[in-house]
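Visitor: Structure here, sequence nowhere to be found:
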């Protein structure tokens, strides 16, 4: 091969590369598939449906039993901090436990279990918080507290968005 043929071949390759790059840049971006392990978002207003017998768990709540969910709410401020547990509620609540126990806790309260702090008191966090973990539905007693809905919080070793985090206030 002589110099002219090599130069011509390189020019053709460069032109083909430029055309391919331009065509790729003009292609619409394909939607990225949702992450496989992304938690389902759940809100407090999706917990129950009204019936003649009172509040019943919603189909969505039941369908998320033993699945990873993300829930945003407020930590109930307890007179005495709980060890390894706290209540997540839809609105700010102060629970005066003298005499009435925890009667101030609303029916849609979620008992959040913090396994990696099981023997430590969980200090109150003001403002909205987001919690991610495995949802459990059904009456169960834990550390002397009976709850209908629990969330077993993800550990701190996982993605930083998957544990107790204060929401930005906008």
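Guide: Thanks, I have it. Remember, it's a predicted structure, so these values are computed and weren't measured experimentally. Residues are numbered from 1 along each chain as shown.
Visitor: Can you mark which positions in the top strand by length along the chain are buried?
Guide: In the chain, assigned by DSSP state E, the strand with the most residues is strand 128-142. In terms of neighbour count (16 or more other C-beta atoms under 10 Å), strand 128-142 has its buried residues at 129, 130, 131, 132, 133, 134, 135, 136, 137. (C-beta placed from N, C-alpha, C; glycine too.)
Visitor: what's the nearest residue to residue 150 if we skip its chain neighbours?
Guide: residue 136 (4.3 Å; C-beta to C-beta, 6 or more residues apart in numbering).
Visitor: likewise residue 49?
Guide: Among residues not flanking residue 49 along the chain, residue 58 sits closest, at 5.1 Å (C-beta to C-beta, 6+ apart).
Visitor: what's near enough to touch that neighbour?
Guide: Residue 58 makes contact with 46, 47, 48, 49, according to C-beta atoms under 8 Å, 6 or more residues apart in numbering.
Visitor: quick one: which of those residues is nearest residue 78?
Guide: Nearest to residue 78 among the contacts of residue 58, counting by C-beta to C-beta, is residue 47 at 20.9 Å.
Visitor: Please give me every residue in contact with that closest one.
Guide: For residue 47, the contacting residues are 57, 58, 61, 108, 149, by C-beta under 8 Å, 6+ apart.
Visitor: what's the distance between the first one and residue 127?
Guide: With distances defined as C-beta to C-beta, to the nearest Å, the gap from residue 57 to residue 127 amounts to 28 Å.
Visitor: got it, and the last one?
Guide: In this structure, residue 149 lies at 22 Å from residue 127, with C-beta to C-beta as the measure.
Visitor: quick one: the residue lying closest to residue 64 once chain neighbours are set aside from residue 37, how far?
Guide: Spatially, and ignoring its direct neighbours in sequence, residue 64 is nearest to residue 135 (5.0 Å; C-beta to C-beta, 6+ apart). Residue 135 is 15 Å from residue 37, where distance means C-beta to C-beta.
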